[in-house]
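J.: Here's a sequence, model it:
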Amino acid sequence: MDNLKLQRINELARKSKAEGLTEAERQEQAELRREYIEAVRRNLRGQLDNIDVINKDGKIENLGEKYGKKGN
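T.: This is a model prediction of the structure:
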């Protein structure tokens, strides 16, 4: 998500608190929030997919390979 979209999310949040939003602005805000949440989830999934854990038996296991396919 680029900085312009993040700035727009913040603008809409400030306007919502100050004077309220029109219906079109509420829809835009909801779409931008959905897009933001998806970007955060993709980023988190990418980070978690690169985590390796050493089991008690010494075996190294990649969490992305073990759990990454369930939610997709």
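J.: Please determine how far residue 28 is located from residue 61.
T.: Remark: distance between residue 28 and residue 61 (CB to CB, to the nearest Å) = 43 Å. From N, CA and C alone the C-beta is placed, and that goes for glycine too.
J.: what does stretch 20-30 rub up against?
T.: Here stretch 20-30 makes contact (CB atoms under 8 Å, 6 or more residues apart in numbering) with 8-9, 12-13, 15-16.
J.: how far does stretch 56-65 stretch from start to finish?
T.: Between the start and the finish of stretch 56-65 there is a gap of 18 Å, counting by CA to CA, to the nearest Å.
J.: Distance check, the spatially most central residue of the chain against residue 6.
T.: Centroid-nearest residue in the chain, with CA atoms, centre = their mean: residue 40, separated by 1.8 Å. Distance, residue 40 to residue 6, using CB to CB: 12 Å.
J.: and if you look at residue 54?
T.: 37 Å.
J.: Just give me how far the lowest-mean-pLDDT helix or strand in the chain sits from the chain centre.
T.: Least confident element among the helices and strands of the chain, by mean pLDDT, DSSP states H and E: helix 63-67 (a mean of 81). Taking CA atoms, centre = their mean, to the nearest Å, one finds the center of helix 63-67 at 19 Å from the center of the full chain.
J.: Just the residues contacting that helix, thanks.
T.: 48-53.
J.: Let's see which of those residues end up in helices.
T.: Mapping these onto helices (DSSP state H) picks out residue 48.
J.: How many residues are close by residue 55?
T.: A count of nearby residues for residue 55, using other CB atoms under 10 Å, gives 8.
J.: Any chance of the backbone angles for it?
T.: Note on residue 55: its backbone torsions stand at phi -70, psi 170 [degrees, to the nearest 10].
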